[in-house]
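Colleague: generate coordinates for the sequence data below:
(chains A and B)
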Amino acid sequence: MSIFKRMSTIFKAKANTALDKAEDPRETLDYSYQKQLELLQKVRRGVADVATSRKRVELQASQLQSQSQKLQDQAQKALSVGREDLAREALTRKSGLQGQIDDLTAQHAQLQGEEEKLTLASQRLQAKVESFRTRKETIKATYTAAEAQTRINEAFSGISEEMSDVGLAVQRAEDKTQQMQARAGAIDELLASGALDDATGTSKDSITLELERMSSNSDVENELAAMKAQLAPAEAPKQLSQDAPGAAQPQQPAQQPVQQPARPQDGDA
Amino acid sequence: MIVRIMGEGQYRLPDEKLDQLNAIDSDLERAVSAGDQGAFGMAFPALLEFVRSGERVADDDLHDSDAILPPGDSTLAEMRELISGDGLIAG
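Modeller: Below you'll find the model as predicted:
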């Protein structure tokens, strides 16, 4: 049997089962309408759930992104002080993170797709439910139980198909969201434990410490330089003019003997 | 005739296109029965595209479909499960 026909048969069987339960068919109109409103609620909750997951993935991606940026900065810093080994290490770890970021980006796109699909499904269902409500009132007002049957069948089969469709859409979205939540949970744990820093599996502690020591060294140097500048406010304008060729005052440090012991360049050479 | 693509909505196709539609549907049916991933990857998108070329049915139109297709992003495995009718369709 063709794909088409099998699917339609399944749907129609479900619609008929719902109708068979009816005694006065008109009574089932209200009951079905109630079910439709419940489903509408459910699909709206589904949209909200998917949105929550999407936001979580966004947050994680931005956290990983900033870790990645940090490693990039560290690599640059390491290279600027001639430590290519450390720079290499930092970049290796950064490329490990990139895999996770790519994965999250793909998940994000998928969740966004689900969110859009469910939003549209919710709009379609809403329109059909509204249409059903109008027809339900007409049927109840106009027809006797015997006459109503055909009209009710028509209204039912139209809405029941939509409900099955939306029901499946919600179910699929839930499944996908759950899978991603499990993975997102794992990434949260990794982020919390700092294990992502160790993406390459090498013993990184000493390297990180070394990078940090170097970065704190340069912080110290920067601070020292700032303090020196403050100690000699009169020199400030001259310092600013250093960039201009000819106006430079290379002998400047010599004017301030105090500076000599703390010259940062000496320490790093 | 009205054809539903699940998760997308309904499309109205002229009745004279039915033969063409059946031919594409048979290709899909063969691919799914044989579990042929390559053929499925060709036949399903072709069928979806054919249906989408129809006119969209208004959201508030309460009409059941003459034919129903699984969601456009269904995998071969999902489709086998769907057409077997085992507990996949809610309601």
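
Colleague: going forward, measure contacts between C-alpha atoms and count neighbours the same way
Modeller: Will do.

Colleague: residues touching residue 24, list them.
Modeller: I went with chain A, as the question did not name one. A:A145 (C-alpha atoms under 8 Å, 6 or more residues apart in numbering or on different chains).

Colleague: other chain: chain B
Modeller: With C-alpha under 8 Å, 6+ apart, B:I24 has these contacts: B:A43, B:A46, B:L47.

Colleague: in helices only, show me these.
Modeller: B:A43, B:A46, B:L47 (DSSP state H).

Colleague: hmm, which of these are the buried ones?
Modeller: The neighbour count (16 or more other C-alpha atoms under 10 Å in any protein chain shown) marks B:A43, B:A46, B:L47 as buried among these.

Colleague: want to try TSV for those, with distance to B:R56 as columns?
Modeller: Output for these, formatted as TSV (distance: C-alpha to C-alpha, whole Å):
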residue	distance to B:R56
B:A43	22
B:A46	18
B:L47	16
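
Colleague: which one among these gets closest to chain A?
Modeller: The nearest member of those to chain A, counting by C-alpha to the nearest C-alpha, is B:L47 at 10.5 Å.

Colleague: any idea which element the closest residue to the closest one other than its chain neighbours lies in?
Modeller: Leaving out its chain neighbours, the residue that sits closest to B:L47 by C-alpha to C-alpha, 6 or more residues apart in numbering or on different chains is B:I24, at 6.0 Å. Per DSSP states H and E, B:I24 falls inside helix B:18-34.

Colleague: quick check: buried residues in that helix?
Modeller: Under the neighbour-count criterion of 16+ other C-alpha under 10 Å, helix B:18-34 has B:L21, B:I24, B:D25, B:S26, B:D27, B:L28, B:E29, B:R30, B:A31, B:V32 buried.

Colleague: quick one: the helix or strand of chain B with the lowest mean pLDDT to chain centroid distance?
Modeller: The helix or strand of chain B with the poorest confidence is helix B:76-84; it has a mean of 79 (mean pLDDT, DSSP states H and E). Put simply, helix B:76-84 sits 12 Å off its chain's centre (C-alpha atoms, centre = their mean, to the nearest Å).

Colleague: give me the angle between that helix and helix B:18-34.
Modeller: Per axes from the mean of the first three to the mean of the last three C-alpha atoms, to 10 degrees, the angle that helix B:76-84 makes with helix B:18-34 is 110 degrees.

Colleague: what is helix B:76-84 packed up against?
Modeller: Applying 3 or more C-alpha pairs under 8 Å, 6 or more residues apart in numbering or on different chains; DSSP states H and E, one finds that helix B:76-84 makes contact with helix A:3-20, helix B:18-34.

Colleague: in that helix, what counts as buried?
Modeller: So for helix B:76-84, counting by 16+ other C-alpha under 10 Å, buried means B:L76, B:M79, B:R80, B:L82, B:I83.

Colleague: among the residues you listed, which one sits closest to chain A?
Modeller: B:I83 (5.9 Å).

Colleague: next, count neighbours for residue 48.
Modeller: No chain specified, so I'll use chain A. 15 (other C-alpha atoms under 10 Å in any protein chain shown).

Colleague: meant chain B, my bad for not saying
Modeller: What B:L48 shows, counting by other C-alpha under 10 Å, is a neighbour count of 17.

Colleague: secondary structure class for the residue nearest to it when sequence neighbours are not counted?
Modeller: Leaving aside its sequence neighbours, B:L48 sits nearest to B:G72 (C-alpha to C-alpha, 6+ apart; 7.0 Å). Three-state assignment for B:G72 (DSSP: H, G, I helix; E, B strand; the rest coil): coil.

Colleague: ok so, going back, can I get the buried residues of helix B:18-34 in CSV including pLDDT?
Modeller: Shown next, in CSV, are the buried residues of helix B:18-34 (pLDDT from 0 to 100):
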residue, pLDDT
B:L21, 85
B:I24, 86
B:D25, 85
B:S26, 85
B:D27, 86
B:L28, 87
B:E29, 85
B:R30, 86
B:A31, 87
B:V32, 86
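
Colleague: which strand or helix spans A:S53?
Modeller: Per DSSP H and E: helix A:25-80 holds A:S53.

Colleague: look up phi and psi at the residue most central in space within chain B.
Modeller: Against the mean C-alpha coordinate of chain B, by C-alpha atoms, centre = their mean, the closest residue is B:L69 at 2.5 Å. Here is the backbone geometry of B:L69 (degrees, to the nearest 10): phi -110, psi 150.

Colleague: wait, doesn't it sit right on B:R4?
Modeller: Yes - with contacts defined as C-alpha atoms under 8 Å, B:L69 counts as touching B:R4 at a distance of 5.9 Å.

Colleague: let me see the contact set for A:A75.
Modeller: Residues in contact with A:A75, defined by C-alpha under 8 Å, 6+ apart, are A:L86, A:A87, A:R88, A:E89, A:A90, A:L91.

Colleague: need the pLDDT of the fourth one.
Modeller: In this model, A:E89 is scored at 86, pLDDT.

Colleague: list the buried residues of stretch A:179-193.
Modeller: A:M180, A:Q181, A:A184, A:I187, A:L191.

Colleague: from A:E115, how far out is the closest residue to the second one other than its chain neighbours?
Modeller: If I follow you right, that is A:Q181. With sequence-adjacent residues excluded and distances taken as C-alpha to C-alpha, 6+ apart, A:Q181 is closest to A:S53, at 7.0 Å. Remark: distance between A:S53 and A:E115 (C-alpha to C-alpha, to the nearest Å) = 10 Å.

Colleague: this completes my enquiry, with thanks.
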